[in-house]
Structure formats: C-alpha cells, structure tokens
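Asker: A structural model of the following input is requested.
(4 chains)
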Protein chains: 2
Amino acid sequence: MAREPETELPAEFFGPLDRSPGAVPLYVQIARKLEAAIATGTLVAGTRLENEVAMAKRIGLSRPTVRQAIQDLVDKGLLVRRRGIGTQVIQRPVARPVDLTSLYEDLEKSGNPPSTVVLSHRVEAADAETAERLGVPVGTPSLHLRRLRLVGSTPLALLHNVLPAPFTDITADELVSTGLYATLRSRGVVFSIAQQRIGAKAAEDSEAELLNIDPGSPLLTMNRTALDHSGDIVEWGDHCYRPDLYSFETTLISR
Amino acid sequence: MAREPETELPAEFFGPLDRSPGAVPLYVQIARKLEAAIATGTLVAGTRLENEVAMAKRIGLSRPTVRQAIQDLVDKGLLVRRRGIGTQVIQRPVARPVDLTSLYEDLEKSGNPPSTVVLSHRVEAADAETAERLGVPVGTPSLHLRRLRLVGSTPLALLHNVLPAPFTDITADELVSTGLYATLRSRGVVFSIAQQRIGAKAAEDSEAELLNIDPGSPLLTMNRTALDHSGDIVEWGDHCYRPDLYSFETTLISR
DNA sequence: TAGTGGTCTAGACCACATG
DNA sequence: ATGTGGTCTAGACCACTAA
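Answerer: Down below sits the predicted model:
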C-alpha cells in the first residue's frame, strides 16, 4: 500500500521572496508556488517532496513557516503527509470543495452567467419559525426573498432566503445585478461558518411550474444557515435545484 | 454587527498538564478542556476568551501551543477569531461536519443500528469505466459490491461499491458484521481524502422495488472516491438514499 | 493609543516508519 | 540507525480594531 517514489528537489523555482511590509505572508507565497507547480505538472502526482527542514533552509525561511505553507496544501487536499515517510503530492487531482459562495458566483466562474428573477421581496415581522431560524426575537422585521435562477432561458433553481434586521433594505435591483452574497460582502459581512443540509424531495406543483419540470419529479434541496465573523446569523436559505443541472461537490479531509 | 461581551477569565480549570512522554499533545489537552467548557456551558455562547498571550502565560505554555489549541476549535466551528478584537465562542452550536465515516457508523451512533443485506459480491476484471474510477489498469481484478441498508425492516439505502486489488478478498460476512469502512480500517487503511458529489434523481424500477418506494419518486444520490494516506484510491461508491430517511449535513468554515 | 490576533524566527526533542 | 513529520519553546515585529 505504501508508495515511495524518489525524492524530487525542485530547483530555485522558489523565486525571490517579498519581505516588504504589507506583502502577502511568506507562507502564502510558498504555498502558491507549490500549488502552481502541482497544477502545471512541475510536481508530478505521487512525487515525494523534499523534507521540511531541508526545504526551509534552502528557501531561507524557518521551518514553521514552510510547515504552515505545506499544511495549507494538505488542508486543500493537494498534499499528504506521513510521519516517518514524507510529504507526497496527492495521486488524483481533487475538485475544489464546497465553499461559502453563492450559486451565482459558481456559475459565473464556469463561464455560464445566469440570470435572476425576483419573484417576491417583502419585509415582514418574524413569526415564531423565522425568529428561530434567524435567532432574533419574534416580531423583528426580516426580509423574505424568493428568486428564480436561470441559465439562459432554462430555470435552474428556486431560492428562498430570509435575512435579519440590518439587511432588510437590500433592493431587488441589487439582487439581480450583484447577487445576494456579493451584496452582503459589499456591506461588510465577513462569512465565517455556514451549516448546510442537503436532501431531495418531489417537486410540488408550484415549484414544478416555475422550474419547468413535471410535478412529482425529483428536486435537490439545500437548507443553509450562514453566520458572519461575529457569530450572528446573516442569512437563512431554503433552496431547490433541478438535479439534471446541479449537484454539490465536497472534498473531505480527514483530521 | 460587532458584539463584544466582556472578557471571561476561566479559572484554573486548565488542570495539571500531562507532560509525560507519549502523552496526548499539550495543545490537544487544552483544546479538549476548552471544548468541554463550551459544551457544558461554562463558556457561554458569545463569550470573549482571554487573549492568547495571557492565556499561554497563565497556563504555563508557549503562545504557539495555546494558539494551536484555539485554531483547532476554530476549525471545528466552535470559536471565531478576529484580529484586533479577540476570540469568541460561536453564538449558535453547530452540528458535526460530514466526515469520513460510513452510514453504518452514522446510524449506529444515533442508537438506530441498521442491518445490511449483501445483494451481490463479485470479483471482476476492471473494464474501462472501473479502471478509470479506481485509477488502475484495465483488467485488474476488482471487487464489486451491492448492498441494501435497512433500519428495522425499512430499506434506507442502496449501496454500490467498487474496491481495487488489495481488498478483493473482503467477505460478505465481514460486510454484514463490521461494515465496509471499519473493515478497511482494520486492514490498516488510513483515510486521508474523499471526494463526494451529491445529487438527486428519479428512482428506476429496480431501485424502487428494493427500496420499497414508487418508481420515479425522488432519490438522493452520492458518489464518492476515497483515498488512503498514500493517495491510493481505496474505494469508489455510488449510492442512493431514501430522501425521507436520510440527508447530508455539512459545516463550512471560511478560510 | 492600546490591545488583539497574524506572522515569523532559530532552535530543540519526540514519535514513527523504514532499512 | 536513520530520516521523516509532530510537537514545543521563548521570544519578536506587524496589521487591524477600537476607544
């Protein structure tokens, strides 16, 4: 089961380091160079890296700094480390993990910009259920959104979001032009944690009509609670996706 | 948006540290104590922790060690850190993330032990598709499994797995009594990375019959490729779940 | 300005896997 | 016995936030 290709000593492709104040952290600079080397094939899958101590000395950094760079890539699923063995480039390239971005950005990146229709946009006093979801007192004003996401003229997803007080003034125009997550970020929200539950269900009549599918056909569902960096709930979402057009990818790293 | 409860100085609930050789790492000892304090409510949600430097000095550890303990809990979604602000206990308790365990273990933990029926168990030479999935040459022997997972007498999931050469001698009995992942671990497999894709589809006739649902009704689907600590593919899986009985939970931590 | 986490150094010893 | 990553120390300076 063990595999030990011989050590590879990449030359000084660790170019000059930028140690000026305000520069990108050194460990990030190293991590990026290693990542690029893996992406371009300079570091072939399965290659064993030079050991940490030697690499640190050769680059001119302390071992903890180099170690932090390597750990970043381990967390990304690009490298694997074993005590007593060494550090290897993972055999199979892995896809990016599910991250804290919106579907809008997902598709934009893939060169297939979607459009959005705002179906409803209301500010209401929170009922018991909404209050529980947002962690606010009953009666607090909250913004309820329903949107339809399309690729070209094909409906892709039906999005239902609820947002708490500080964001009730978000306009329908903003949502169409910028997307929900980008809008929130532009207002200073820094996302820290989100909890998702992914499931499936049969399409109800109203959902089927909006998504242009048959009633009762399968839908992929996702619920999400997103928290900002101070632990406050920023958004609660309940979404349906056409499973022929969308799925969720995750990379799991064991700890 | 910012919230700043006053600093909390937990007393010497950091009991004596075990510094004997072979003991649990110091940062793990600290992390566990902090985690317990959060779980029991000694550290209330929203509480701001003592700063790293002071905590390290008081406990009698170096700052990097304490910092590593805190980082562990940040990665678990229990704490949030902000430069210039401090470290806070997260407001809302989070569920455990999807991890590298099997459905068997998931349900066992929830006190609802499932049963397993092995529907088929064959060793075959890998065709092109299997070879691609397992990253082995065409023609390599591989074990093809189909299992039905039940809770009581209710079918829950239909599991299809393919395993490469070193594991083709796993028996049906092992699978029923131990579960696939536990069997692999007992053979020395250390999981490192897995890639999953979660989607939905309509149940085919054969699937519907086995799962005791109507043909065409929605199914939750999951594909997974699991790699061991040396980057070799250990298992490829293609599973269907009854969406009324199962869903996937994930906690996303922003980086 | 004061206080926080973020980064970095230059070492050290330990645990584990291999030959 | 050797070489690897895992842990740990005791400091330092920087970047960001708040008052």
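Asker: mind telling me what element residue A:123 is part of?
Answerer: strand A:115-125 (DSSP states H and E).
Asker: just residue A:81 next, same as before
Answerer: strand A:79-82.
Asker: ok, now residue A:71?
Answerer: Here residue A:71 is assigned to helix A:63-75, by DSSP H and E.
Asker: how about that helix and DNA strand C, any contact?
Answerer: Yes: counting by Cβ under 7 Å from any atom of the strand, DNA strand C has neighbours in helix A:63-75: A:63, A:64, A:65, A:68. For glycine as for every other residue, the C-beta is placed from the backbone atoms N, C-alpha and C.
Asker: so how far is residue A:17 from the closest residue in space to the last one that isn't next to it in sequence?
Answerer: Read it as residue A:68. Take residue A:68 and drop its neighbours on the chain: the residue closest to it by Cβ to Cβ, 6 or more residues apart in numbering or on different chains is residue A:27, 4.1 Å away. Plainly put, residue A:27 is 11 Å away from residue A:17 if you go by Cβ to Cβ, to the nearest Å.
Asker: more neighbours, the two?
Answerer: residue A:27 (18 against 15; other Cβ atoms under 10 Å in any protein chain shown).
Asker: next one: phi and psi at that one?
Answerer: Note on residue A:27: its backbone torsions stand at phi -70, psi -30 [degrees, to the nearest 10].
Asker: pretty sure it sits against residue A:65.
Answerer: Yes: the criterion here is Cβ atoms under 8 Å, and residue A:27 meets it with residue A:65 at 5.2 Å.
Asker: ok, back up a step: show the contacting residues for the residue nearest to residue A:68.
Answerer: The contact partners of residue A:27, taken as Cβ atoms under 8 Å, 6 or more residues apart in numbering or on different chains, are A:65, A:66, A:68, A:69, A:72.
Asker: output the below-cut-off pLDDT ranges for the stretch 1-150 of chain A.
Answerer: A:1-13, A:92-111 (pLDDT under 70).
Asker: 50 instead, please
Answerer: A:1-3, A:96-97 (pLDDT under 50).
Asker: now do the strands in it.
Answerer: For the stretch 1-150 of chain A, the strands defined by DSSP state E, counting those that start in this stretch occupy A:79-82, A:86-89, A:115-125, A:141-151.
Asker: could I get these as CSV with mean neighbour count?
Answerer: What follows is the strands of the stretch 1-150 of chain A, written out as CSV (neighbours: other Cβ atoms under 10 Å in any protein chain shown):
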stretch, mean neighbour count
strand A:79-82, 20
strand A:86-89, 20
strand A:115-125, 14
strand A:141-151, 18
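Asker: closest one to DNA strand C among those?
Answerer: Ranking the strands of the stretch 1-150 of chain A by distance to DNA strand C, with Cβ to the nearest atom of the strand as the measure, places strand A:79-82 first at 6.1 Å.
Asker: low-scoring stretches of the stretch 151-255 of chain A, by residue?
Answerer: Ranges of the stretch 151-255 of chain A meeting pLDDT under 50: none found.
Asker: what residues does it put near chain B?
Answerer: Listed as neighbours of chain B in the stretch 151-255 of chain A under the rule Cβ under 8 Å from any Cβ of the partner chain: A:166, A:188-202, A:216-220, A:225, A:227-233, A:243, A:246-255.
Asker: need the contact partners of stretch A:167-177.
Answerer: With Cβ under 8 Å, 6+ apart, stretch A:167-177 has contacts from A:115-118, A:121, A:123, A:141-143, A:145, A:147, A:163, A:180, A:183-184, A:187, A:234-235.
Asker: so which of the residues you listed also contact DNA strand C?
Answerer: Okay, of these, nothing touches DNA strand C (Cβ under 7 Å from any atom of the strand).
Asker: ok, back up a step: for residue B:83, which of the strands of the stretch 1-150 of chain A is the nearest?
Answerer: Closest of the strands of the stretch 1-150 of chain A to residue B:83 is strand A:79-82, at 27.2 Å (criterion: Cβ to Cβ).
Asker: so what touches that closest one?
Answerer: So strand A:79-82 is contacted by A:34, A:49, A:70, A:73-74, A:87-90, B:192-193, B:229-231 (Cβ under 8 Å, 6+ apart).
Asker: within the sheet, what are the partner strands of it, with directions?
Answerer: Here strand A:79-82 has these sheet partners by DSSP bridges: strand A:86-89 (antiparallel).
Asker: which positions in chain A make contact with DNA strand C?
Answerer: So chain A meets DNA strand C at A:2, A:4, A:25-28, A:60-65, A:68, A:82-85 (Cβ under 7 Å from any atom of the strand).
Asker: please pick the buried ones from those residues.
Answerer: By neighbour count, with 16 or more other Cβ atoms under 10 Å in any protein chain shown, these hold A:26, A:27, A:61, A:68 as buried.
Asker: pull the most distant pair out of these.
Answerer: Comparing every pair within these by Cβ to Cβ identifies A:61 and A:68 as the most remote, at 9.8 Å.
Asker: ok, the residue in the stretch 101-250 of chain A that DNA strand D sits nearest to - contacts?
Answerer: Among all residues of the stretch 101-250 of chain A, residue A:190 sits closest to DNA strand D, at 8.1 Å; criterion: Cβ to the nearest atom of the strand. Residues near residue A:190 by Cβ under 8 Å, 6+ apart: A:228, A:229, B:254.
Asker: so what strands line up beside whichever strand or helix holds residue A:251?
Answerer: Assigning secondary structure by DSSP H and E places residue A:251 in strand A:248-253. With DSSP bridges as the test, strand A:248-253 is paired with strand B:191-202 (antiparallel).
Asker: list the buried residues in the partner strand.
Answerer: B:191, B:192, B:193, B:194, B:195, B:196, B:198, B:199, B:200, B:201, B:202.
Asker: DNA strand C: which of those residues is nearest?
Answerer: residue B:192 (13.3 Å).
Asker: does that closest one touch residue A:253 like I think?
Answerer: Yes: in this structure, residue B:192 is within contact of residue A:253 by Cβ under 8 Å, at 7.3 Å.
Asker: the closest residue to residue A:203 other than its chain neighbours: neighbour count?
Answerer: Leaving aside its chain neighbours, residue A:203 sits nearest to residue A:219 (4.9 Å; criterion: Cβ to Cβ, 6+ apart). Residue A:219 has 25 neighbouring residues, counting by other Cβ under 10 Å.
Asker: got it, and residue A:42?
Answerer: Quick note: residue A:42 (other Cβ under 10 Å) scores 15 neighbours.
Asker: how near is it to chain B?
Answerer: 18 Å (Cβ to the nearest Cβ, to the nearest Å).
Asker: now swap in residue A:69 and tell me
Answerer: 14 Å.
Asker: contacts only, for the residue in the stretch 151-255 of chain A that DNA strand C sits nearest to.
Answerer: Of all residues in the stretch 151-255 of chain A, residue A:229 sits closest to DNA strand C, with a separation of 9.9 Å (Cβ to the nearest atom of the strand). Contact partners of residue A:229, counting by Cβ under 8 Å, 6+ apart, are A:190, A:191, A:192, B:80, B:82.
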